[in-house]
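Undergrad: When you get a sec, could you give me coordinates for this:
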Amino acid sequence: MDSAETYRDFYEFEAHHYRTTPEEEESWKHRRTLVHRLLPADAVTSVLDVGCGDGALAEDLGDRYGCPVLGIDLAAGRTAYARSRSRHARFAQASVYALPFPDQAFDLVTCTDLLEHLDDPTRAMQELVRVARRAVIVTVPYKIQIEKTLCTHCGKDYFLYGHQHSFGEHGLRDLARAAGARATRFEHVIPMFECRRYKWFPPLKWLIWDHFKDTGTLGVRVERG
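TA: Predicted coordinates for the structure are as follows:
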């Protein structure tokens with residue numbers, strides 16, 4: 001059995017209990033900001049959003065580029081909900097470990113806050129790079145602490161929040177290299193410091209910087225060669 005199948009029931013359960021839309025998830029706007037900072041400046045003709053959740057980023061990228069966008073997710077509940085609210089993006093169910101597309105099928109491939117949940121992020125990155133013609137954009141929580149806790153229902157331990165891996169720049173460079181690609185640009189969004197007040201009061205920002213500098217979300221643009 002593909003390791004992704006092990007978690008299918010869990011992700012289907014999640015799909016029916018919380019939404020990953022801008023209206024329901026506060027962190028979505030920060031992931032969008034991060035992705036936008038890493039996007040190619042010139043025209044993009046096709047986009048694949050892997051681990052698309054409820055489809056908000058796929059819709060956003062369709063608005064930005066005016067090109068076909070396909071979102072895929074392991075959970076059928078997510079893709080069904082994404083279709084129900086979609087204006088122009090398309091959605092399908094698939095695993096990141098076995099993307100059902102030929103090599104270099106999409107100009108741009110995005111994958112936000114997924115790799116940290118996977119048993120084998122190296123294999124996933126190889127698939128993302130394989131189907132990308134120009135660039136892959138990946139975001140992950142930055143330098144998180146990996147913890148396990150005990151499930152009160154089944155009595156087994158599990159990764160808190162489903163986070164199995166922690167990444168910094170070095171870890172993402174290694175993933176890109178293992179996929180035959182290279183990390184060409186990094187961006188780091190710390191929600192605390194996206195607030196306007198820290199633009200006007202920099203002394204306050206630097207007073208609390210050490211406490212927050214290893215938080216937030218890290219993004220990378222990966223390109224072939």
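Undergrad: contacting residues around the residue nearest the centre of the chain?
TA: Centroid-nearest residue in the chain, with CA atoms, centre = their mean: residue 112, separated by 0.8 Å. Residues in contact with residue 112 (CB atoms under 8 Å, 6 or more residues apart in numbering) are 31, 35, 49, 51, 57, 137, 138, 139. Bear in mind the C-beta positions are built from the backbone N, C-alpha and C, glycine included.
Undergrad: wait, doesn't the first one sit right on residue 139?
TA: Yes. Counting by CB atoms under 8 Å, residue 139 is a contact partner of residue 31 at 5.8 Å.
Undergrad: list the residues that contact both of those two?
TA: Contacts common to residue 31 and residue 139, judged by CB under 8 Å, 6+ apart, are 112, 113, 217.
Undergrad: Secondary structure and pLDDT for those residues - can I get that in CSV?
TA: Below are these laid out as CSV (DSSP: H, G, I helix; E, B strand; the rest coil; pLDDT from 0 to 100):
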residue, secondary structure, pLDDT
112, strand, 95
113, coil, 91
217, strand, 90
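Undergrad: Mind putting those into JSON lines with distance to residue 176?
TA: Shown next, in JSON lines, are these (distance: CB to CB, whole Å):
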{"residue": "112", "distance to residue 176": "16"}
{"residue": "113", "distance to residue 176": "17"}
{"residue": "217", "distance to residue 176": "17"}
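Undergrad: between these, which is closest to residue 181?
TA: Closest to residue 181 out of the shared contacts of residue 31 and residue 139 is residue 112 (17.7 Å), distances taken as CB to CB.
Undergrad: For the helix or strand that contains residue 177, what is the distance to the chain centroid?
TA: Secondary-structure element containing residue 177, defined by DSSP states H and E: helix 169-178. Helix 169-178 sits 15 Å away from the centroid of its parent chain (CA atoms, centre = their mean, to the nearest Å).
Undergrad: where along the protein do the strands fall?
TA: Applying DSSP state E to the chain gives strands spanning 47-50, 69-73, 90-93, 106-112, 132-141, 148-150, 157-159, 181-189, 217-224.
Undergrad: Quick check, pLDDT for residue 178.
TA: At residue 178, the pLDDT value in this model is 97.
Undergrad: actually residue 96, sorry about that
TA: Looking at residue 96, its pLDDT is 96.
Undergrad: circling back to that earlier point, output the strands of the chain in a markdown table, with distance to residue 166 appended to each entry.
TA: Below are the strands of the chain laid out as a markdown table (distance: least, CB to CB, whole Å):
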| stretch | distance to residue 166 |
| --- | --- |
| strand 47-50 | 20 |
| strand 69-73 | 23 |
| strand 90-93 | 28 |
| strand 106-112 | 16 |
| strand 132-141 | 8 |
| strand 148-150 | 13 |
| strand 157-159 | 11 |
| strand 181-189 | 14 |
| strand 217-224 | 10 |
